[in-house]
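J.: Okay, predicted coordinates and the sequence, questions at the end:
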Amino acid sequence: CEDGSIQHSSQGFQITPEEIKKLFAVLDDEDTSTTLRIAKQEHYLLRKTNDYMYTKREREGACIVRVPAGIIIGMYDESDDVVGPSANVVVYRVAKYFNNATWKSTKSARN
């Protein structure tokens, strides 16, 4: 969430509230940093829009996507035979699911 709180996390993935707030600030164009800390590791910003960003650190990287309830962070490690584009597809599918589920629940609440 934008306040830095963590709703769900994979076991072993430890990101701080400050790191989450910084990710939102970069997505919102309030921060123009080209380096970010994710789970205490420095990543370089490769590309971003207001809805997503890609980062890289040595053989590791991240795809970060904004959804109505917050952001989804997908990390990958190329030494595990996972490449960025493949990892990004998985993160986008999860984000699409959350976007559709939020739209349906909002629509149901209005009826």
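T.: Nice, thanks for sending it over.

J.: Just give the closest residue to residue 66, not the sequence neighbours.
T.: Leaving aside its sequence neighbours, residue 66 sits nearest to residue 51 (Cβ to Cβ, 6 or more residues apart in numbering; 4.9 Å). Placement of C-beta: from N, CA and C, glycine included.

J.: ok, that neighbour - contacts?
T.: 27, 65-66 (Cβ atoms under 8 Å, 6 or more residues apart in numbering).

J.: tell me the pLDDT at it?
T.: pLDDT, residue 51: 91.

J.: Helices of the chain, start to end?
T.: Assigned by DSSP state H, the chain shows helices spanning 17-27, 84-110.

J.: Of those, flag the one that's most buried.
T.: Mean neighbour count (mean count of other Cβ atoms under 10 Å) peaks for helix 17-27 among those, with a mean of 18.

J.: if I look at residue 92, how far off is residue 51?
T.: For residue 92, the distance to residue 51 (Cβ to Cβ, to the nearest Å) stands at 10 Å.

J.: what do you get for residue 84?
T.: Counting by Cβ to Cβ, the gap from residue 84 to residue 51 is 17 Å.

J.: Same question for residue 32.
T.: 17 Å.
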